[in-house]
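> Just the structure for this:
(one chain, ligands or ions: 1)
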Amino acid sequence: MENILVVGGAGYIGSHVVKMLAQQGYQPIVFDNLSKGHLAAVKGYPFEKGDLGDKTHLSKIFQKYSIKAVMHFAAFIEVEESIEDPSKYYHNNVSRVLNLLDAMVENNIPYFVFSSTAATFGNFKQEKIDETHLQLPINPYGNSKLMVEKILQDFDKAYGLKSMVLRYFNASGADDSGQIGESHTPETHLIPRILQTAAGKLPSIKIFGTDYPTPDGTCIRDYIHVNDLASAHILALEKLVQTHQSDQFNLGSGIGYSVAQLIKVAKEITGIDFKVEITPRRKGDPAVLVADSTKARDSLNWAPKYNLDRILETAWNWEKNRKY
Ligand SMILES: NC(=O)c1ccc[n+]([C@@H]2O[C@H](COP(=O)([O-])OP(=O)(O)OC[C@H]3O[C@@H](n4cnc5c(N)ncnc54)[C@H](O)[C@@H]3O)[C@@H](O)[C@H]2O)c1
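Residues are numbered from 1 along each chain as shown. Predicted structure coming up:
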């Protein structure tokens with residue numbers, strides 16, 4: 001059984017990847033400082049509590065377990081906070097990652113899978129974003145992720161470290177089991193906020209702008225189920241091991257849904273007519289943002305399985321019976 005170190009594995013996306021790795025015959029080893037993650041999300045898997053900044057600890061782990069590859073999810077993820085406190089983001093999302101990469105090179109760990117983001121593209125020049133789109137982030141969070149993408153290109157050339165960069169659009173939904181799901185503090189993502197409103201935990205859900213040039217005037221985004229992201233990670237890892245070639249992929253469903261559409265489907269699925277408030281546009285929100293994931297579909301043989309109904313059903317199931 002091959003050991004995969006999952007850094008940030010106690011977080012939302014990492015914990016779903018941990019579960020799928022185990023289902024597919026890998027041995028995930030979780031490394032997380034639990035600053036944002038949840039131990040309950042990775043119950044039953046080997047767990048090492050530690051910080052990315054601690055190179056000695058990372059080296060010890062590389063020596064203790066025979067690690068085949070590292071999957072890296074650990075980061076701070078709030079765009080607004082990154083604008084207010086960029087130092088916090090550059091330290092955690094860049095310099096500590098550099099630390100991890102150095103430890104990998106020193107210990108001859110050859111493969112790295114990196115969580116990047118659609119935020120590396122910045123202001124979008126076209127509605128469907130493929131891998132050739134210009135990357136010009138507009139906030140420190142996006143910058144921090146793009147910096148690591150560049151570091152990875154240089155580490156490949158200089159030290160032969162091979163990586164897969166996976167740029168997610170809007171991660172959403174929860175595992176079908178209802179045992180793990182999305183739990184951020186604060187929660188800024190739209191689907192959990194809609195469902196927390198349905199559950200009576202928030203007073204209302206705000207729509208920021210109904211005057212966008214879209215069919216119903218609300219912003220359109222691409223929602224991709226967290227287990228579809230997990231399957232892409234494993235396919236990307238297998239491709240990396242097979243080809244020994246670094247690569248980048250945009251991961252989304254390729255289908256855009258508007259905020260108003262999401263709210264309508266959420267009302268149908270929950271059976272609750274929760275309160276919706278219309279407010280003016282927020283700064284910096286593009287009207288439409290949808291992934292072109294043709295490359296991942298063709299090259300990784302990846303096909304997302306969850307549609308919007310399943311995303312909302314699994315997220316609602318989690319919201320009603322949250323374990324953490
Ligand atoms: N959620 C999304 O929609 C989305 C979209 C695009 C990209 N991403 C990227 O995916 C990754 C995972 O996102 P998520 O939603 O699961 O976030 P999350 O906050 O749920 O998980 C991140 C995990 O990393 C851990 N962590 C953070 N800093 C650490 C450090 N210095 N040392 C050790 N552990 C540390 C946290 O405790 C947490 O468990 C992030 O890198 C994020 O930028 C997420």
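> List the contacts of stretch 93-108.
Applying Cβ atoms under 8 Å, 6 or more residues apart in numbering, the external contacts of stretch 93-108 come out as 7, 51-55, 58-59, 62-63, 67, 70, 72, 74-76, 112, 141, 144-145, 147-148, 151-152, 155, 159, 161. C-beta coordinates here come from the backbone N, C-alpha and C atoms, glycine included.
> what separates the host helix or strand of residue 147 from the chain centre, distance-wise?
Element membership of residue 147 [criterion: DSSP states H and E] is helix 140-159. Relative to its parent chain, helix 140-159 has a centroid offset of 17 Å by Cα atoms, centre = their mean, to the nearest Å.
> do stretch 205-215 as well
25 Å.
> Would you mind listing the buried residues in that stretch?
Buried positions in stretch 205-215, judged by neighbour count with 16 or more other Cβ atoms under 10 Å: 205-210, 212, 214.
> Repeat that for stretch 151-160.
Residues of stretch 151-160 classed as buried by neighbour count (16+ other Cβ under 10 Å): 151-152, 155.
> can you check stretch 32-47 too?
So stretch 32-47, judged by 16+ other Cβ under 10 Å, has buried residues 32-33, 36-38, 41-42, 45, 47.
> Which residues does it contact?
7-11, 14-15, 18, 22, 27-30, 49-52, 65, 74, 76, 180, 183-185, 323-324.
> For that stretch, give the mean pLDDT please.
Across stretch 32-47, pLDDT averages out at 98.
> can you give me the offset of that stretch from its chain's centre?
Chain-centre distance of stretch 32-47: 16 Å, with Cα atoms, centre = their mean.
> How about the residues of this structure by the ligand?
8, 10-14, 32-37, 51-52, 73-75, 77, 92, 96, 115, 117, 168, 170-171, 184 (Cβ under 6 Å from any ligand atom).
> Mind jotting down where the helices sit in the stretch 201-324 of the chain?
In the stretch 201-324 of the chain, helices defined by DSSP state H, counting those that start in this stretch lie at 226-243, 259-270, 294-299, 308-320, listed in chain order.
> try the stretch 51-200 of the chain
55-64, 79-84, 86-90, 96-106, 140-159, 190-198.
> Can you give me the neighbour number for the closest residue to residue 30 other than its chain neighbours?
Leaving out its chain neighbours, the residue that sits closest to residue 30 by Cβ to Cβ, 6 or more residues apart in numbering is residue 9, at 3.7 Å. When neighbours are defined as other Cβ atoms under 10 Å, residue 9 has 30 of them.
> Looks to me like residue 9 is in a helix.
No - assignment of residue 9 by DSSP: H, G, I helix; E, B strand; the rest coil gives coil, placing it outside any helix.
> Let me see the contact set for it.
By Cβ under 8 Å, 6+ apart, the neighbours of residue 9 are 15, 17-18, 28, 30-32, 37, 42, 45, 71, 73.
> In helices, which of the residues you listed appear?
Judged by DSSP state H, these include 15, 17-18 as members of helices.
> Nearest to residue 192 among these?
Distances from residue 192 to the ones in helices among the contacts of residue 9, taken as Cβ to Cβ, are shortest for residue 15 (15.0 Å).
> Write the ChimeraX selection for whichever of the contacts of stretch 93-108 are buried.
Burial among the contacts of stretch 93-108 is assessed by 16+ other Cβ under 10 Å; the matching ChimeraX selection reads:
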select :7,51,52,54,55,58,62,67,70,72,74,75,76,112,141,144,145,147,148,151,152,155,161
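> what's the angle from the helix holding residue 147 to helix 96-106?
Relative orientation of helix 140-159 versus helix 96-106 (axes from the mean of the first three to the mean of the last three Cα atoms, to 10 degrees): 20 degrees.
> who's in contact with helix 140-159?
With contact meaning Cβ under 8 Å, 6+ apart, helix 140-159 is reached by 75-79, 82-83, 86, 89-90, 93-94, 97-98, 101, 105, 112, 114, 116-117, 119-122, 135, 137, 161-163, 165, 246, 248.
> if we can go back for a sec, among the buried residues of stretch 32-47, which two are most distant?
For those, the maximum inter-member distance is 17.7 Å, found between 36 and 45 (Cβ to Cβ).
> picking that back up, just put the helices of the stretch 201-324 of the chain in CSV and tack on mean neighbour count and mean pLDDT.
Below are these laid out as CSV (neighbours: other Cβ atoms under 10 Å; pLDDT from 0 to 100):
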stretch, mean neighbour count, mean pLDDT
helix 226-243, 20, 98
helix 259-270, 18, 97
helix 294-299, 16, 98
helix 308-320, 20, 97
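> Show me the one of the ones you listed that comes nearest residue 190.
With Cβ to Cβ, the closest approach to residue 190 among the helices of the stretch 201-324 of the chain belongs to helix 259-270: 6.7 Å.
> Residues touching the closest one, excluding its own?
For helix 259-270, contacts defined as Cβ under 8 Å, 6+ apart pick out 190-191, 194-195, 198, 205, 207-208, 210, 216-219, 221, 223, 257, 273-274, 276, 308-309, 312-313, 316.
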